[in-house]
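Trainee: Have a look; sequence and predicted model below, questions after that.
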Amino acid sequence: MIDLQKLSQEAKEASITASTVEELSKVQNQYLGKKSELVKAKKGLGSIPESDRATAGKELNEARESIEIIFTERKLEIEEAEWDLNLASEKIDLTELLNPITRGHLHLITQARDQLEDVFVGMGFTVAEGPEVETAWYNFEALNIPDWHPARGNFDTIFVDLGEPEEVMLRSHTSPVQIRTMERQAPPIYIVAPGRTFRTDSADSTHLPAFNQIEGLVIDKGITMGDLAGTIDAFVQAFFGKEVKSRLRPSYFPFTEPSAEFDISRPDGSWLELGGCGMVHPNVLSNCNIDPEEWQGFAFGFGIDRLVSMRYQLDDIRELVLNDARFLRQF
Ligand code: FA5
């Protein structure tokens, strides 16, 4: 008879040398297959004395079971190792996406526009919008600038020829959004409207032919010039910092009466013009079917590009549209 314990030990050692399921199956065949010593021994049971046969048969079965367990366990081990290997080879490295060098950011003007909206929303305003292509009614007439008015010439307007009976133009300021808002919405009104505006101005260090303005409009009961001054002061301090002061200077706009330009203080003590403002003209309210005896309000409008060049002390406003990555990356 064979030494079953030794056989079992040998089977265990041989199973470890197999590193794939195929190799293992060959080794298993040697120990459990038709030509294996175990099967031969089983066939030889008939030639041993009958009294020993039952015990020998039982021992052979036990040996077979323990060898089978050895191969089942080894197979699991091999399969687990193969699974890990596959996982490792299929792994995708996503850390590249976090590389900061390849990421862009919002343009300086967009950042400023977002911050301006935040400041005014914090003061209780909502954000309004209007189209960039306007009719003469919204861009001029409803704003108390009729056809013959000399002020029309001040807004070097870019006209659009759509072959329509009406005069159509790229809006030369964001003030048409005042009219569109008052037509749609009953007072009280507290809105700001940032957006692109266009004029035939040649580009120079302080002008762009396509630039951005932000309009403000408040219509309520008992609104005075003091509310306008206070609102501008609060905005200037929130946007530029506590040390910056603002002042109003008398001026003229057909859609406000009285009108003013507002300036902000610079560190050297001089003043810089930011935009125009004033009390909404009664004719403008009437044009929008709002009773000027009942409602009053103020409006303001200033250039976002100018504001950004002041805040970052740019020598030339054209830097904002040159798309030079070396400039843009700094902000
Ligand atoms: C207006 O456009 C008036 N609608 C502002 C207003 C609104 C007054 C509500 C009263 C009530 P003005 O033409 O001054 O006003 O332009 C306002 C601001 O736009 C200027 O102070 C300046 O900051 C900016 N701006 C005007 N033209 C240009 C330009 N070509 N390039 C860059 N910024 C400009």
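Mentor: Great, that's in hand. Residues are numbered from 1 along each chain as shown.

Trainee: Next to the ligand in this structure, residues from the stretch 51-200 of the chain, please.
Mentor: Counting by Cβ under 6 Å from any ligand atom, the stretch 51-200 of the chain comes close to the ligand at 173, 175, 199. In this view, the C-beta of every residue, glycine as well, is placed from N, C-alpha and C.

Trainee: Just those: which are in helices?
Mentor: With helices taken from DSSP state H, there is no overlap with these.

Trainee: Columns distance to residue 244 on top of those, output as TSV?
Mentor: Formatted as TSV, those follow (distance: Cβ to Cβ, whole Å):
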residue	distance to residue 244
173	24
175	25
199	27
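
Trainee: top of those residues by neighbour count?
Mentor: residue 175 (29 neighbours; other Cβ atoms under 10 Å).

Trainee: Following the chain onward from the longest helix along the chain, which element is next?
Mentor: When the chain is parsed with DSSP H, its longest helix is helix 50-90. For helix 50-90, the following helix or strand on the C-terminal side (DSSP states H and E) is helix 108-122.

Trainee: Check which helices and strands that next one sits against.
Mentor: Packed against helix 108-122, as judged by 3 or more Cβ pairs under 8 Å, 6 or more residues apart in numbering; DSSP states H and E, are the following elements: strand 126-127, strand 189-198, strand 210-220, helix 225-240, helix 304-311.

Trainee: got the angle between that helix and helix 225-240?
Mentor: Going by axes from the mean of the first three to the mean of the last three Cα atoms, to 10 degrees, helix 108-122 is angled at 130 degrees with respect to helix 225-240.

Trainee: got the buried residues for helix 108-122?
Mentor: When burial is assessed from 16 or more other Cβ atoms under 10 Å, helix 108-122 yields the following buried residues: 108, 109, 112, 113, 116, 117, 119, 120.

Trainee: can you check stretch 184-201 too?
Mentor: The neighbour-count check on stretch 184-201 (16+ other Cβ under 10 Å) flags 187, 189, 190, 191, 192, 193, 194, 195, 197, 198, 199 as buried.

Trainee: about what we covered before: now the helices and strands packed on helix 108-122 in JSON lines, with mean pLDDT?
Mentor: Shown next, in JSON lines, are the helices and strands packed on helix 108-122 (pLDDT from 0 to 100):
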{"stretch": "strand 126-127", "mean pLDDT": "98"}
{"stretch": "strand 189-198", "mean pLDDT": "98"}
{"stretch": "strand 210-220", "mean pLDDT": "98"}
{"stretch": "helix 225-240", "mean pLDDT": "92"}
{"stretch": "helix 304-311", "mean pLDDT": "90"}
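
Trainee: Put together JSON lines for the ones you listed, with distance to residue 85 on each row.
Mentor: Below are the helices and strands packed on helix 108-122 laid out as JSON lines (distance: least, Cβ to Cβ, whole Å):
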{"stretch": "strand 126-127", "distance to residue 85": "57"}
{"stretch": "strand 189-198", "distance to residue 85": "58"}
{"stretch": "strand 210-220", "distance to residue 85": "58"}
{"stretch": "helix 225-240", "distance to residue 85": "59"}
{"stretch": "helix 304-311", "distance to residue 85": "57"}
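
Trainee: To residue 283, which of these lies closest?
Mentor: strand 210-220 (14.3 Å; Cβ to Cβ).

Trainee: Please name every helix or strand in contact with the closest one.
Mentor: helix 108-122, helix 176-184, strand 189-198, helix 225-240, strand 271-280, strand 296-303, helix 304-311.
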